[in-house]
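Enquirer: Next input, structure requested:
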Amino acid sequence: NRWLRKAFRKRADWFAGESGDCYVALVSPKAVATDAFQRSVEAALAKRAKEGEGSIFLISALIERCEIPAPLASFQAMDMTAGITHGVSRLVAELQMRRLLPPWHARDVEAEARLAEAAASRGREAVGREEYDAGIAAFTEAIRLAPSGGYYRERGAASWYAHQYEPAIADYTAAFGMDPGLEETARFGRGQVLAEAGRYAEAIEDLDFVIAREKNPQMMAYALRGRGVTRAGLGQTASAAEDFQQSMKMAPDNAWLYYSMAKVGEAATPPGPRVFYDYVMSLRQRNPPLNRAKFEDAGANEIGRAQV
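Expert: Predicted coordinates:
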């Protein structure tokens, strides 16, 4: 969607259509405070005053919460704060209905969406093979073609598995910023990443949010595992043990749970008595199994402790 992308970069722009002109004002607190925005609005209104009401269609697109500027208050406005991706689709539909975007534009959008999904499909296949860099590159291409919260969430997961924590956190945050409907699943992933990154105070906010809402027992078990790691990092040993035990009841074959308990026990002073056992169990469990990096780490620790 090249025209609207250009507008989002500039915060306000002109659009020429087949049957008339259209002015879309992209409204945010930062944008409306600029001289460039004011001059742009004045130019649009001057054109309308000079050439007549039918000469130009004006619409405000609210991309962040703020008051619509008074000169634009009497014109149509569209609230896009609930999600940019959905908002852009609505805006395109509105302009096409008024024949202010050429008909080829819709086909271009559809083609970009198909190419984006093809790229995302390649990304999923790469992640399934644990080729995380290739997966990240594919999801980046999907985001370039058709930005969506879902693609940001998937790239965040690939970055997490690749131990690229900061990019993963940024992508999970972007995911539910673009699509509020993804908040629970994105915060589930972000909380796990924050826990692994040692950012425990932030992690527990996300994981508490998810645990309070999650209905799926398996996903609840995974969230409890992450919160157990977080509570252990915060020195809440008894609470961490409770989360691990609850998680084990819900998902007893989760290799990641045993790996996390081994890591927590290993970091304790003195180390916990079942560290070796937990590493061994993390190598045996398969629902889900460890990824390659964690499996190799667990195997190396198991051998080391066996030798001791």
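Enquirer: alpha carbons only for contacts and neighbour counts from here, please
Expert: Fine.
Enquirer: Okay, buried residues for the helix or strand harbouring residue 110 please.
Expert: Taking DSSP states H and E as the criterion, residue 110 maps to helix 104-128. Buried positions in helix 104-128, judged by neighbour count with 16 or more other Cα atoms under 10 Å: 109, 112-113, 115-124, 126-127.
Enquirer: by contact count, what packs against that helix?
Expert: Using 3 or more Cα pairs under 8 Å, 6 or more residues apart in numbering; DSSP states H and E, the elements in contact with helix 104-128 are helix 132-145.
Enquirer: Check what contacts the helix it packs on and list those residues.
Expert: 112-113, 115-120, 122-127, 151-152, 154-155, 158-159, 161-162 (Cα atoms under 8 Å, 6 or more residues apart in numbering).
Enquirer: Give me the outermost residue of the protein relative to its centroid.
Expert: In the chain, the residue that sits farthest from the middle, by Cα atoms, centre = their mean, is residue 50; the gap is 45.3 Å.
Enquirer: how near is residue 242 to residue 253?
Expert: From residue 242 across to residue 253, the span is 17 Å (Cα to Cα, to the nearest Å).
Enquirer: Now the residue positioned nearest the centre of the chain. Nearest residue, chain neighbours left out?
Expert: Compute the mean C-alpha point of the chain, and by Cα atoms, centre = their mean the closest residue is residue 175, 2.1 Å away. Once flanking residues are discounted, residue 175 sits nearest to residue 149: 3.9 Å by Cα to Cα, 6 or more residues apart in numbering.
Enquirer: give me every residue that touches that neighbour.
Expert: So residue 149 contacts 85, 174, 175, 176, 177, 178, 179, 182 (Cα under 8 Å, 6+ apart).
Enquirer: Try it again at 6 Å.
Expert: By Cα atoms under 6 Å, 6 or more residues apart in numbering, the residues touching residue 149 are 175, 178, 179.
Enquirer: just residue 278 next, same as before
Expert: Neighbour list for residue 278: 258, 262 [criterion: Cα under 6 Å, 6+ apart].
Enquirer: and residue 47, how many neighbours does it have?
Expert: Per other Cα atoms under 10 Å, the neighbour tally for residue 47 reads 14.
Enquirer: same check, this time on the one 5 residues further on
Expert: The local packing of residue 52 (other Cα under 10 Å) involves 10 other residues.
Enquirer: mind listing what it touches?
Expert: Shown in contact with residue 52 (Cα under 6 Å, 6+ apart): no residues.
Enquirer: gap between it and residue 121?
Expert: As judged by Cα to Cα, residue 52 and residue 121 stand 49 Å apart.
Enquirer: Count the residues that sit near the residue lying closest to residue 168 once chain neighbours are set aside.
Expert: Nearest residue to residue 168, sequence neighbours excluded (Cα to Cα, 6+ apart): residue 156, at 4.1 Å. Counted with other Cα under 10 Å, the neighbours of residue 156 add up to 30.
Enquirer: ok, residue 156 - contacts?
Expert: Contacts of residue 156 by Cα under 6 Å, 6+ apart are 168, 171, 172.
Enquirer: Which of those fall in strands?
Expert: Judged by DSSP state E, strands contain none of the contacts of residue 156.
Enquirer: which one of these is nearest residue 195?
Expert: Nearest to residue 195, judged by Cα to Cα, of the contacts of residue 156 is residue 168 at 12.3 Å.
Enquirer: So that closest one is in contact with residue 158, correct?
Expert: No. Residue 168 lies out of contact with residue 158 (Cα atoms under 6 Å); the separation is 7.7 Å.
Enquirer: mind checking how far residue 189 is from residue 32?
Expert: According to Cα to Cα, residue 189 and residue 32 sit 35 Å apart.
Enquirer: higher neighbour count, these two?
Expert: residue 189 (27 against 20).
Enquirer: Would you mind measuring from residue 53 to residue 75?
Expert: From residue 53 to residue 75 the distance is 11 Å (Cα to Cα).
Enquirer: ditto for residue 172
Expert: Taking Cα to Cα, one finds residue 172 at 35 Å from residue 75.
Enquirer: Who has more neighbours out of these two?
Expert: Set residue 172 next to residue 75 and count neighbours by other Cα under 10 Å: residue 172 wins out with 30 against 12.
Enquirer: ok, now which ones touch the more buried one?
Expert: Here residue 172 is in contact with 153, 156, 186, 190 (Cα under 6 Å, 6+ apart).
Enquirer: Report the separation between it and residue 191.
Expert: For residue 172, the distance to residue 191 equals 9 Å [Cα to Cα].
Enquirer: likewise residue 279?
Expert: 23 Å.
Enquirer: The two: which is more packed in?
Expert: Higher neighbour count among residue 279 and residue 191: residue 191, with 30 against 27, using other Cα under 10 Å.
Enquirer: And the host helix or strand of that one, how far out from the chain middle?
Expert: Assessed by DSSP H and E, residue 191 sits inside helix 183-196. Centroid separation for helix 183-196 versus its chain: 10 Å, with Cα atoms, centre = their mean, to the nearest Å.
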